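# sequence and predicted structure, then a few things I'm wondering about:
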Amino acid sequence: MGTKHLSGPPARGAAAPALTRTGPVTPGRPHRLLRFSRQVLATRLVGMGLVITAIVIICAVFADVLAPYNPNAQDYLALTQPPSRAHPLGTDDLGRDVLSRVIYASRVSLQVGLIAVGIAVSLGVTMGLLSGYLGGWPDTVIMRFVDAVQAFPGLILALAITAALGPSIGNAMIAIGFVSTPAIARLMRGQTLSIREREYVEAARVLGASPPAIMARHIWPNTTAPIIVQATLLVASAIVTEASLSFLGVGVRPPTPSWGGMLRTGSQYLEVAPWMAFAPGGAIFLTVLAFNFVGDGLRRALDPRLSGRRSG
């Protein structure tokens, strides 16, 4: 008859068996980034938007290397030449290489778009936070100011501000940033109103946290997702507005290349040299379309109500 080995508690002093974790493992930061990237790319055409955006950024950063000619170099023996091997996008009315000017103009458009949106986000987030959290007369004053700004058409107001300050790239950034501020301020105010009554904000308030600390530590970090989406879409709007200002002659001063200024010159030669207008017009179209695609992908990935859906 075999001997039975009875298992019991480990003897005193013996090492306890190691415990194995069987619960769900929280994904680390790389896994979250990978999942977020998949959610962004799940939206149709976002991949194409990212590729175009990357090309624009590369052209803006490495314009000195990528441009085949000096963008302001004039060749009076090559006026309004059609596209060729020497000039893939042709030349303009002063013999300047259109491709080189389009590449350098991407630097201006991207710079204006990013800095103008940075101004809008800084002002809009501050105004929206104060308005939504404080309420009362600060909310009334800030929102009435926002209503007054929005009462004017955006392009006309930007045109008036730029004309008053003087045509330059810096003034164009200020004007576009000011015009774009109400959209961020209203979005931030709505987010603040929905968050300020939540339990963790009430707990911080009961524990004696000051209003600036509550806004900085508990409200602002929980509103970044919609602000990022709105800012991405505003970059596309800022690029269009800058091109419009340059087209009207109050944006970037020549001979600095800008897509709007090139489009303005090209519109006068549509019958003789249509490539002068098609090149900058196509650059504006593709860049704005790309930022809109990326913004739509970010919106679907960051919005929990849409993250489970696939764009049709």
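Alright, I've got the coordinates.
# wait, A73 sits on L94?
No: counting by Cβ atoms under 8 Å, A73 sits too far from L94 to count as a contact (9.4 Å). To be clear about C-beta, it is placed using only N, CA and C from the backbone, and glycine gets the same treatment.
# the two: which has the busier surroundings?
Neighbour count, other Cβ atoms under 10 Å: between A73 and L94, L94 has more, with 15 against 11.
# give me the nearest residue to that one, chain neighbours excluded.
Spatial nearest neighbour of L94, chain neighbours left out: Q74 (4.7 Å); criterion: Cβ to Cβ, 6 or more residues apart in numbering.
# same thing with Q81?
Here the residue nearest Q81, using Cβ to Cβ, 6+ apart, is T91, at 4.6 Å.
# so what's L289 up against?
Residues in contact with L289, defined by Cβ atoms under 8 Å, 6 or more residues apart in numbering, are G49, I52.
# beta-bridge partners for the residue nearest to Q81, please?
Judged by DSSP bridges, the bridge partners of T91 are D97.
# number of residues surrounding the residue nearest to L94?
14.
# same thing with the one 4 residues further on?
A78 is surrounded by 17 other residues when neighbours are defined as other Cβ under 10 Å.
# quickly note the distance from the residue nearest to Q81 to S109.
Distance of T91 to S109, given as Cβ to Cβ, to the nearest Å: 21 Å.
# likewise V201?
In terms of Cβ to Cβ, V201 sits 40 Å off from S109.
# looking at those two, which has the bigger crowd around it?
Counted by other Cβ under 10 Å, V201 and S109 do not tie: S109 has more neighbours, with 28 against 20.
# my guess is the more buried one contacts T287. True?
Yes: judged on Cβ under 8 Å, S109 makes contact with T287 at a distance of 6.8 Å.
# wait, what's in contact with the residue nearest to L94?
Applying Cβ under 8 Å, 6+ apart, the residues contacting Q74 are L94, G95, R96.
# now, which of these sits nearest A238?
R96 (25.8 Å; Cβ to Cβ).
# can you tell me the closest non-neighbouring residue to the closest one?
Nearest residue to R96 in three dimensions, chain neighbours excluded: Q74, at 5.9 Å (Cβ to Cβ, 6+ apart).
# residue contacts, T80?
Contacts of T80 (Cβ under 8 Å, 6+ apart): G90, T91, D92, D93, Y269, V272, A273, M276.
# which non-adjacent residue is nearest the last one?
The shortest distance from M276 to any non-neighbouring residue, by Cβ to Cβ, 6+ apart, is to G266 (3.4 Å).
# and the contacts of the helix or strand hosting that neighbour?
Applying DSSP states H and E as the criterion places G266 in helix 259-266. For helix 259-266, contacts defined as Cβ under 8 Å, 6+ apart pick out 92-93, 98, 101-102, 105-106, 108-109, 242-249, 251-252, 254, 273-281, 283-284.
# between the helix or strand just after it and helix 259-266, how many degrees?
Remark: after helix 259-266, the chain's next helix or strand is helix 275-302, criterion DSSP H and E. Per axes from the mean of the first three to the mean of the last three Cα atoms, to 10 degrees, the angle that helix 275-302 makes with helix 259-266 is 150 degrees.
# may I have stretch 33-52 as PDB, with CA atoms only?
Output of stretch 33-52 as PDB, limited to C-alpha atoms (Å, rounded to 0.1, in the frame of the first residue of the first chain):
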ATOM      1  CA  LEU A  33       0.600  54.800 -28.200                       C
ATOM      2  CA  LEU A  34       0.300  51.900 -30.600                       C
ATOM      3  CA  ARG A  35      -3.400  51.600 -29.900                       C
ATOM      4  CA  PHE A  36      -3.900  55.300 -30.300                       C
ATOM      5  CA  SER A  37      -2.000  55.300 -33.600                       C
ATOM      6  CA  ARG A  38      -4.200  52.400 -34.900                       C
ATOM      7  CA  GLN A  39      -7.300  54.300 -33.900                       C
ATOM      8  CA  VAL A  40      -6.100  57.400 -35.800                       C
ATOM      9  CA  LEU A  41      -5.200  55.500 -38.900                       C
ATOM     10  CA  ALA A  42      -8.500  53.600 -38.800                       C
ATOM     11  CA  THR A  43     -10.100  56.800 -40.200                       C
ATOM     12  CA  ARG A  44     -10.100  56.800 -44.000                       C
ATOM     13  CA  LEU A  45      -7.600  59.000 -45.700                       C
ATOM     14  CA  VAL A  46      -5.800  59.900 -42.500                       C
ATOM     15  CA  GLY A  47      -2.700  58.100 -43.800                       C
ATOM     16  CA  MET A  48      -2.600  60.200 -46.900                       C
ATOM     17  CA  GLY A  49      -3.100  63.300 -44.800                       C
ATOM     18  CA  LEU A  50      -0.100  62.400 -42.600                       C
ATOM     19  CA  VAL A  51       2.000  61.800 -45.700                       C
ATOM     20  CA  ILE A  52       1.200  65.100 -47.200                       C
END
